[in-house]
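Engineer: with the sequence up front, the predicted model follows.
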Amino acid sequence: MTDKFTVARLVLDGDKFELLVKPDPALEYKMGKRSDISGALVSDEIYSDANKGSRASSEKMMKHFKTTDSADVAKQILARGELNLTTDQRRKMVEEKKRQIVQFINRSFVDPKTHLPHPVVRIEAAMEEVRVPIDPFKKVEDQAKTLVDALRKILPLRSETAKLTVTVPPQFAAQSYSVLKSTGDLRSEEWLADGSLKAVLDMNASIRGQFLDRLGAVTKGSAQVRED
């Protein structure tokens, strides 16, 4: 394959279906950033082996996709199958996924000695040392466990949970609700008789300081917070 086109592939019960696609538009379609598939296709041919130019049979398409319409089959191949990335695409996606994983670890784990998050540069250095491969398509959370297990050999990491009871005055209750909902796990909420909002939420201890800063900014420092 070249930088001008690449292959999307889906294997079902041993039967292989391939498309020739344009790298960047195909990736945009697969990532949900493009809704029109036509601009991502080099051609609408469905192959059993694109390199050999072997076309997939109508019988096998009907068996697996319940249609022989090439546009419908192409959508399924690109959405459900594997897209061969160009070298540049893979490098950029791996770098971005690595950045997201580092941020996740920084937010979700602390140093047991200090009860504070490890600095991002320290996590990055440790990841370079353990050399766990990054999958650009896998979710951050799905890769985190394997990575954290590997990192713990050289970097002390512990997940700590803080349980906070927050009471927000009536005039700031509505604005504060989105902050509460987007931070940690909102365990309960109660609207008091005077219009105040009382909420109990669990969150990773490492983001407690960030949460208190956000809440303080919204409520002008008037919220009451108790750690249980």
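Structural biologist: It's in. Numbers count the residues shown, from 1 in each chain.

Engineer: count the residues that sit near Leu201.
Structural biologist: The local packing of Leu201 (other CB atoms under 10 Å) involves 19 other residues. For the C-beta atoms, the positions are set from N, CA and C on the backbone; glycine is no exception.

Engineer: for the longest helix seen in the chain, packing partners?
Structural biologist: If you go by DSSP state H, the chain has its longest helix at helix 87-108. Contacts defined by 3 or more CB pairs under 8 Å, 6 or more residues apart in numbering; DSSP states H and E place helix 87-108 against helix 23-30, helix 120-130, helix 140-151.

Engineer: least reliable of the ones you listed by average pLDDT, please.
Structural biologist: Looking at these, the lowest mean pLDDT belongs to helix 140-151 (a mean of 90).

Engineer: chain center to that one: distance?
Structural biologist: Mean-position distance between helix 140-151 and its chain equals 13 Å (CA atoms, centre = their mean, to the nearest Å).

Engineer: show me what contacts the residue nearest to Gln103 when sequence neighbours are not counted?
Structural biologist: The shortest distance from Gln103 to any non-neighbouring residue, by CB to CB, 6 or more residues apart in numbering, is to Val120 (7.4 Å). By CB atoms under 8 Å, 6 or more residues apart in numbering, Val120 lies in contact with Val102, Gln103, Asn106.

Engineer: report the contact partners of the first one.
Structural biologist: Val102 is in contact with Val120, Ile123, Glu124, Met127, counting by CB under 8 Å, 6+ apart.

Engineer: out of the residues you listed, which is most surrounded?
Structural biologist: Ile123 (22 neighbours).

Engineer: now the strands for this structure?
Structural biologist: Using DSSP state E, the strands assigned to the chain run over residues 6-12, 15-21, 47-49, 54-55, 82-83, 161-168, 185-191, 197-204, 224-227.

Engineer: of those strands, flag the one that's most buried.
Structural biologist: Across these, averaging neighbours per residue (mean count of other CB atoms under 10 Å) puts strand 15-21 on top, at a mean of 22.

Engineer: still on that earlier bit, what residues of the longest helix of the chain count as buried?
Structural biologist: Gln89, Met93, Lys97, Lys98, Ile101, Val102, Phe104, Ile105, Asn106, Ser108 (16 or more other CB atoms under 10 Å).

Engineer: this protein - how does it break down into domains?
Structural biologist: 6-83, 87-151, 161-227 (automatic domain parsing).

Engineer: where does the residue nearest the centre of the chain fall, phi/psi-wise?
Structural biologist: Nearest to the mean C-alpha position of the chain, counting by CA atoms, centre = their mean, stands Lys139 at 4.2 Å. Main-chain torsions, Lys139, degrees, to the nearest 10: phi -60, psi 150.
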